[in-house]
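J.: Need a 3D model of the sequence below.
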Amino acid sequence: MNSEIKGALAEYCDLQQEVKALRGRIDKTRQAIEKMEVDGYVVSDSVKGTRADGTIGNIKITGFPYPEYFEKRDLMRRQVAKLEMIEVDLLEKMNVADDYIQKIDDSKLRQVFTLRYLDERELTWYQVADIMNRRYDKRKKAFTEDSCRKLHNRYLGME
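T.: Predicted coordinates for the structure are as follows:
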């Protein structure tokens, strides 16, 4: 069972990172689109040709880059669709991880796993220990970063 929970937690954490990275890419694309819309993004180029007055020379052409704009909007739409699919998968993996965590007999250990993986995203071991110390403020021996990590690792057979 420990190898199953280890795999479920690893996959869940990997998906969390993938979602985080994809959200970052979506934000970057959204900012580029907004900049184009707000700043009146204009592209220009110079060509040699006949001017309106009949003379030949350099002509500056300016305009809104519609192909690039629509390409970025399409990219963002695809990124959002992918994010939605991954978030559904993430929710399923979270439920699987939660099921494994709920099967842990020891309440304190279950709380450590829940804090580390489910309740808060990306809590450090120090933060997990801090929360556990607030929950068990009358405990003689305080939880430490190392003690929480060792509880976790021993249960998973990593030590």
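J.: alpha carbons only for contacts and neighbour counts from here, please
T.: OK.
J.: Helix, strand, or coil at the residue lying farthest from the centre of the chain?
T.: Ranking residues of the chain by C-alpha distance from their mean position (Cα atoms, centre = their mean) puts residue 54 at the top, at 57.5 Å. Three-state assignment for residue 54 (DSSP: H, G, I helix; E, B strand; the rest coil): coil.
J.: Helices along this structure, start to end?
T.: 2-38, 66-102, 107-113, 125-135, 145-155 (DSSP state H).
J.: ok, and what's touching stretch 27-44?
T.: Contacts to stretch 27-44, defined as Cα atoms under 8 Å, 6 or more residues apart in numbering, come from residues 60, 61, 62, 63, 64, 65, 69, 72, 73, 75, 76.
J.: brain fart, stretch 142-155
T.: Residues from elsewhere that reach stretch 142-155, judged by Cα under 8 Å, 6+ apart: 2, 109, 112-113, 125-130, 132-133, 159.
J.: any weak-confidence spans in this structure?
T.: Residues of the chain meeting the criterion pLDDT under 70: 1, 41, 120-121, 159.
J.: switch to 90 and redo it
T.: Within the chain, the stretches with pLDDT under 90 are 1-10, 13, 35-69, 118-123, 137-140, 156-159.
J.: nearest to residue 48, of the helices of the chain?
T.: Each of the helices of the chain has some distance to residue 48 by Cα to Cα; the shortest is helix 66-102, at 23.0 Å.
J.: which parts of that closest one are buried?
T.: With burial defined by 16 or more other Cα atoms under 10 Å, the residues of helix 66-102 counted as buried are 69, 72-73, 76, 79-80, 83, 86-87, 90, 93-94, 96-98, 100-101.
J.: elements contacting it?
T.: helix 2-38, helix 107-113 (3 or more Cα pairs under 8 Å, 6 or more residues apart in numbering; DSSP states H and E).
J.: neighbours around residue 7, how many?
T.: Neighbourhood size, residue 7 [other Cα atoms under 10 Å]: 13.
J.: gap between it and residue 96?
T.: 10 Å (Cα to Cα, to the nearest Å).
J.: What of residue 88?
T.: From residue 88 over to residue 96 the distance is 13 Å, taken as Cα to Cα.
J.: what's the answer for residue 148, then?
T.: Separation of residue 148 from residue 96 (Cα to Cα) stands at 22 Å.
J.: swap in residue 125?
T.: From residue 125 over to residue 96 (counting by Cα to Cα), the distance is 22 Å.
J.: same check, this time on residue 17
T.: Counting by Cα to Cα, the gap from residue 17 to residue 96 is 17 Å.
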